[in-house]
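Colleague: Give the three-dimensional model of this entry:
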Amino acid sequence: MNFLTQSRLVLTFNAGYDEDGNTMFQSRSFRNIQPQAADADLYKAAAAIASLQSHLLYSVERNNVYELTE
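Modeller: You can find the predicted model right below:
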């Protein structure tokens, strides 16, 4: 059996291009997300946060940590 113990929201932004034309990315992590939070609600929050940024939102990730037991 496994139990969700922690959840983190990671937003990755397109921060422009370097001198070689490669895309540069910046990530922002938000810890202490309630494990019970629905994915759709987290995406809405990510979209709201992204609207306050000058860079374009590239991706939204949810990283979960589980406690594994028998």
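
Colleague: Strands of the chain, residue ranges please.
Modeller: Along the chain, counting by DSSP state E, strands occupy 2-17, 23-30, 56-68.

Colleague: buried sites along the shortest one?
Modeller: It refers to strand 23-30. Applying a neighbour-count criterion of 16 or more other CB atoms under 10 Å, one finds nothing buried in strand 23-30. All C-beta spots, glycine's among them, are computed from the backbone N, C-alpha and C.

Colleague: what does that strand rub up against?
Modeller: Counting by CB atoms under 8 Å, 6 or more residues apart in numbering, strand 23-30 makes contact with 8-18, 49, 55, 58, all of which sit outside it.

Colleague: just those residues now: which is nearest residue 40?
Modeller: Within the contacts of strand 23-30, distances to residue 40 taken as CB to CB reach their minimum at residue 9, with 12.9 Å.

Colleague: closest one to residue 40 among the strands of the chain?
Modeller: Scanning those with CB to CB as the criterion, the closest one proves to be strand 56-68, at 11.1 Å.

Colleague: Output the contacts of strand 23-30 in JSON lines, with neighbour count and pLDDT appended to each entry.
Modeller: As requested, the contacts of strand 23-30 are exported to JSON lines (neighbours: other CB atoms under 10 Å; pLDDT from 0 to 100):
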{"residue": "8", "neighbour count": "14", "pLDDT": "95"}
{"residue": "9", "neighbour count": "20", "pLDDT": "96"}
{"residue": "10", "neighbour count": "15", "pLDDT": "97"}
{"residue": "11", "neighbour count": "21", "pLDDT": "97"}
{"residue": "12", "neighbour count": "16", "pLDDT": "97"}
{"residue": "13", "neighbour count": "18", "pLDDT": "97"}
{"residue": "14", "neighbour count": "14", "pLDDT": "96"}
{"residue": "15", "neighbour count": "16", "pLDDT": "94"}
{"residue": "16", "neighbour count": "11", "pLDDT": "93"}
{"residue": "17", "neighbour count": "10", "pLDDT": "94"}
{"residue": "18", "neighbour count": "9", "pLDDT": "94"}
{"residue": "49", "neighbour count": "15", "pLDDT": "95"}
{"residue": "55", "neighbour count": "16", "pLDDT": "95"}
{"residue": "58", "neighbour count": "15", "pLDDT": "96"}
